[in-house]
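*Asks:* Next one to model:
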Amino acid sequence: MLGSEIPGGKWGDTMHVPDGFLDVPTSLATGVIAAVGVGLALRGARNELNERTAPLAGVVAAFVFATQMINFPVGAGTSGHLLGGALAAALVGPWTGVLVITVVLFVQALLFADGGLTALGTNITLMGLVGVGVAWLVIVAVRRLLPKRLSSVPIAAASGALVSVPAAATAFTVLFAVGGVADIPVQTVFAAMVGWHSLIGIGEAIITGLVVSAVVATRPDLVFAARPILEATELEIRQSGVAA
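*Replies:* Below you'll find the model as predicted:
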């Protein structure tokens, strides 16, 4: 997600980890973590999708794929793009969100060489498991703190995006510290990744909030993060009817 020139090496799209950027043991370990995570997501997604929301998963995947292919400059020779984890989690659920990001990363690596095939597990771990997982935890936490209204859902989704992007960058730094092969100080990697991705997170938060807001305004029943609020509203209506 970050393209940058730093002392000691040239970075491309470093949130999409390329082949050979991490050593073999670290790549294998993240591959195992990704495989387990995707396996759990396949099971968990059964409880999130239905005949109405299943098509939305495809739309979200296409949107995330398109936006990840578009880089925008953020200054000092760096560029970034949407991660999409918070958007996917808010619209189709965290488990389905992991699958959406996994499919996007697989297609990008296979057809566009955006991230290496041997590093696919690492990228799924970073952008799929960490990105979506952190985003969803933040969404749930913020949703509980805000009033139980549909207008709170876009705010929660934007908050998830704001936090999840630097969280994924931090996770990358940890992996680099464990198994990075480039001769670059970890402190430099951390400063570059987390610093710029904190700014990128602001842009992602704005985009995520706007997209979720638009869907909530037109079809709130399709937004996974809005389900508890809709269910609570329906329950209140039923209880009011019984009391009357």
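*Asks:* With residue 183 as the reference, measure out to the most centrally placed residue in the chain.
*Replies:* In the chain, the residue lying closest to the centroid (CA atoms, centre = their mean) is residue 85, at 1.6 Å. Relative to residue 183, residue 85 is positioned 31 Å away (CB to CB, to the nearest Å). No exception for glycine: its C-beta is placed from N, CA and C like everyone else's.
*Asks:* ditto for residue 197
*Replies:* Counting by CB to CB, the gap from residue 197 to residue 183 is 22 Å.
*Asks:* more neighbours, the two?
*Replies:* The residue with more neighbours, out of residue 197 and residue 183, is residue 197; 27 against 7, by other CB atoms under 10 Å.
*Asks:* Nearest residue to the more buried one in space, ignoring adjacent ones along the chain?
*Replies:* The shortest distance from residue 197 to any non-neighbouring residue, by CB to CB, 6 or more residues apart in numbering, is to residue 169 (3.8 Å).
*Asks:* secondary structure element for the one you found?
*Replies:* Per DSSP states H and E, residue 169 falls inside helix 152-179.
*Asks:* cool, and residue 60?
*Replies:* For residue 60, the enclosing helix or strand under DSSP H and E is helix 54-68.
*Asks:* Tell me where the model's unsure across the chain.
*Replies:* 1-15, 70-81, 235-244 (pLDDT under 70).
*Asks:* Walking through it, point out its helices one by one.
*Replies:* Secondary structure of the chain (DSSP state H): helices at 24-44, 54-68, 85-92, 94-112, 120-123, 131-145, 152-179, 186-218, 227-243.
*Asks:* which of those is buried the deepest?
*Replies:* Comparing the helices of the chain by mean neighbour count (mean count of other CB atoms under 10 Å), helix 85-92 comes out on top with a mean of 31.
*Asks:* Now do it and helix 131-145, the angle between them.
*Replies:* 60 degrees (axes from the mean of the first three to the mean of the last three CA atoms, to 10 degrees).
*Asks:* just checking, what packs against helix 85-92?
*Replies:* Using 3 or more CB pairs under 8 Å, 6 or more residues apart in numbering; DSSP states H and E, the elements in contact with helix 85-92 are helix 54-68, helix 94-112, helix 131-145, helix 152-179, helix 186-218.
*Asks:* Out of the ones you listed, which is closest to residue 27?
*Replies:* The closest of the helices and strands packed on helix 85-92 to residue 27 is helix 152-179. By CB to CB, the value is 7.4 Å.
*Asks:* Just list what the helix holding residue 60 packs against, helices and strands only.
*Replies:* Helix 54-68 packs on helix 85-92, helix 94-112, going by 3+ CB pairs under 8 Å, 6+ apart.
*Asks:* want to throw those into TSV with distance to residue 20?
*Replies:* TSV is the format used below for the helices and strands packed on helix 54-68 (distance: least, CB to CB, whole Å):
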stretch	distance to residue 20
helix 85-92	25
helix 94-112	14
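*Asks:* can you redo the helices of the chain as CSV with distance to residue 16?
*Replies:* Formatted as CSV, the helices of the chain follow (distance: least, CB to CB, whole Å):
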stretch, distance to residue 16
helix 24-44, 14
helix 54-68, 8
helix 85-92, 14
helix 94-112, 7
helix 120-123, 6
helix 131-145, 12
helix 152-179, 10
helix 186-218, 13
helix 227-243, 32
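*Asks:* I'd like to know which of those helices is closest to residue 17.
*Replies:* Comparing the helices of the chain by CB to CB, helix 120-123 comes nearest, at 4.7 Å.
*Asks:* where's the closest one relative to the chain centroid, distance-wise?
*Replies:* For helix 120-123, the separation from the chain centroid amounts to 14 Å (computed by CA atoms, centre = their mean, to the nearest Å).
*Asks:* now do stretch 21-29
*Replies:* The gap between where stretch 21-29 is centred and where its chain is centred comes out at 22 Å by CA atoms, centre = their mean.
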